[in-house]
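Undergrad: with the input below, show me the fold.
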Amino acid sequence: VVDSKTNTILQKIPDVGQHPIQLKALPDRSKIYVDNFGLAKMEIAVIDTNSNRVTKRIQTFGAPYATTTLDRK
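TA: Residues are numbered from 1 along each chain as shown. This is a model prediction of the structure:
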């Protein structure tokens with residue numbers, strides 16, 4: 001969690017993954033999707049912004065960055 005005004009880290013969210021690359025937030029900012037390029041698996045971690053915890057992991061078959069470029073409405 002970063003304060004965008006000061007670029008200060010406020011909180012680290014554990015267990016996001018080995019190599020988080022890209023983030024995509026829902027328009028209402030209730031969830032953040034994190035592309036993760038791990039050594040053994042590639043997945044998307046879903047963060048609930050109310051609790052700042054990973055609530056779900058979505059396995060991908062290949063590079064996950066393409067899945068977070070879709071608009072979720």
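Undergrad: the helices in the chain, which residues?
TA: Assigned by DSSP state H, the chain shows no helices.
Undergrad: just give me the residue right at the centre of the chain.
TA: For the chain, residue 34 is the residue whose C-alpha lies nearest the centre (C-alpha atoms, centre = their mean; 2.0 Å).
Undergrad: residues in contact with that residue?
TA: 16, 17, 20, 22, 23, 44, 45, 46, 47 (C-beta atoms under 8 Å, 6 or more residues apart in numbering). Glycine gets a C-beta too; all of them are placed from N, C-alpha and C.
Undergrad: repeat that for 6 Å
TA: Residue 34 makes contact with 16, 20, 23, 45, according to C-beta atoms under 6 Å, 6 or more residues apart in numbering.
Undergrad: narrow those to those in strands?
TA: Counting by DSSP state E, the part of the contacts of residue 34 found in strands is 20, 23, 45.
Undergrad: now the last one. Nearest residue, chain neighbours left out?
TA: Which is residue 45. Leaving aside its chain neighbours, residue 45 sits nearest to residue 34 (4.4 Å; criterion: C-beta to C-beta, 6 or more residues apart in numbering).
Undergrad: again, but for the first one
TA: Taking C-beta to C-beta, 6+ apart as the measure, residue 20 lies nearest to residue 34, with 4.9 Å between them; neighbours along the chain are not counted.
Undergrad: tell me the bridge partners for the residue nearest to residue 45.
TA: Partner residues in beta bridges with residue 34, using DSSP bridges, are residue 23, residue 45.
Undergrad: can you report how many residues neighbour residue 47?
TA: Number of residues near residue 47 (other C-beta atoms under 10 Å) recorded here: 22.
Undergrad: again, but for the one 10 residues further on
TA: By the other C-beta under 10 Å criterion, the neighbourhood of residue 57 contains 15 residues.
Undergrad: with residue 25 instead?
TA: Residue 25 has 14 neighbouring residues, counting by other C-beta under 10 Å.
Undergrad: enumerate every residue touching it.
TA: Residue 25 neighbours (C-beta under 6 Å, 6+ apart): residue 32.
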